[in-house]
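J.: Kindly generate the corresponding structure for this input.
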Amino acid sequence: MTTPAADLALALDVPTLLVIATSMATLLGVFLLLAWISDRTSRALAWWSTAYIIGGSAVASWISGHGHGLGIPIAKEAPNALLFLALGMIWTGARLFYGRRIRPPTLMAGAVVWLIAVRWPMFAEGGSGRLLLSSVGISAYTFLTAIEVWRDRRARPRPHWPVTIVYSATIRMRTARQSG
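T.: Numbers count the residues shown, from 1 in each chain. Next comes the predicted model:
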C-alpha cells in the first residue's frame, strides 16, 4: 500500500517537468519579445526576452543530449554556459529597467567561470562540485537581480510586473534545472 505522497512522487517525471519548464521559459521569452516590439522604449524587455529564449534553448539542448538529439553537435558545456549567460542577461535587464548601465564583465562572468571551472577534474566529471558551482552562480545572479530591485524601492513608482514575472520564471527554471 502506498501513501498519497508516494503516489505523487511516482507521478512526477523529471524529463517531462524539464520539457514543461523549457517550454514555459521559451514562451515567456516570446511574450516578452512581443511586449518589447509593441513598446521599444523598454530595453529591459528585449534583454529579458533574449535571455529566456537563450535559456529555453540551452535547456532544450541539454535535455536532448547536448544537441545531438536535434542533429546539432554542441560542446558538452555549452548549455550550462548559456544558462549562466541567460541569468546574467536577466540581471542586466533589471539594471536597464531601473535606468542603470550595462556591465559586460559581470554579465558574462558566470558563463566564463563555468567554462574555466569545468576544465578541473573536480568539476569536469560531474557530481557535487558541479552542483555547488552552479548553485553559487545561480544564487549570485539572483542576489544581484534582487539588489537591483531593492535599490530602486524608494524611487518613483513604476510598474513592477515585468520584474515579478522574470524573477519568478528564473526561480522555476533554476529549480527545474537542478532537479534534472
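
J.: mind checking pLDDT for Phe123?
T.: Per-residue confidence at Phe123 stands at 79 (pLDDT).

J.: Remind me which helix or strand it belongs to.
T.: Taking DSSP states H and E as the criterion, Phe123 maps to helix 121-124.

J.: Nearest the middle, which residue of the chain would you pick?
T.: Leu87 (4.6 Å; C-alpha atoms, centre = their mean).

J.: what about Met122, distance to Gly129?
T.: 4 Å (C-beta to C-beta, to the nearest Å). In short, each C-beta sits where N, CA and C put it, glycine included.

J.: who are the neighbours in contact with Tyr167?
T.: Neighbouring residues of Tyr167 by C-beta atoms under 8 Å, 6 or more residues apart in numbering: Thr142, Thr145, Ala146, Val149.

J.: mind redoing it with 10 Å?
T.: Shown in contact with Tyr167 (C-beta atoms under 10 Å, 6 or more residues apart in numbering): Ile90, Ala94, Thr142, Thr145, Ala146, Val149, His160.

J.: Assign a three-state SS to the second one, would you?
T.: So that's Ala94. Using DSSP: H, G, I helix; E, B strand; the rest coil, the three-state assignment for Ala94 comes out as helix.

J.: what about it, neighbour count?
T.: Other residues within reach of Ala94, judged by other C-beta atoms under 10 Å, total 26.

J.: now swap in the first one and tell me
T.: Here the neighbour count serves as a burial measure; for Ile90 (other C-beta under 10 Å) it reads 27.

J.: what bits of the chain have low per-residue confidence?
T.: Residues of the chain meeting the criterion pLDDT under 70: 1-11, 66-74, 154-161, 163, 169-180.

J.: Run through the helices of it in chain order.
T.: For the chain, the helices defined by DSSP state H occupy 4-11, 14-38, 43-63, 78-97, 104-117, 121-124, 128-151, 161-179.

J.: in the fifth one, what's buried?
T.: Just to be clear, that refers to helix 104-117. Of all the residues in helix 104-117, those buried under the rule 16 or more other C-beta atoms under 10 Å are Leu107, Met108, Ala109, Gly110, Ala111, Val113, Trp114, Ala117.

J.: Now distance to Arg100 too, for those, in CSV please.
T.: Formatted as CSV, the buried residues of helix 104-117 follow (distance: C-beta to C-beta, whole Å):
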residue, distance to Arg100
Leu107, 12
Met108, 17
Ala109, 17
Gly110, 18
Ala111, 21
Val113, 22
Trp114, 25
Ala117, 28
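
J.: Kind regards, and thank you for your time.
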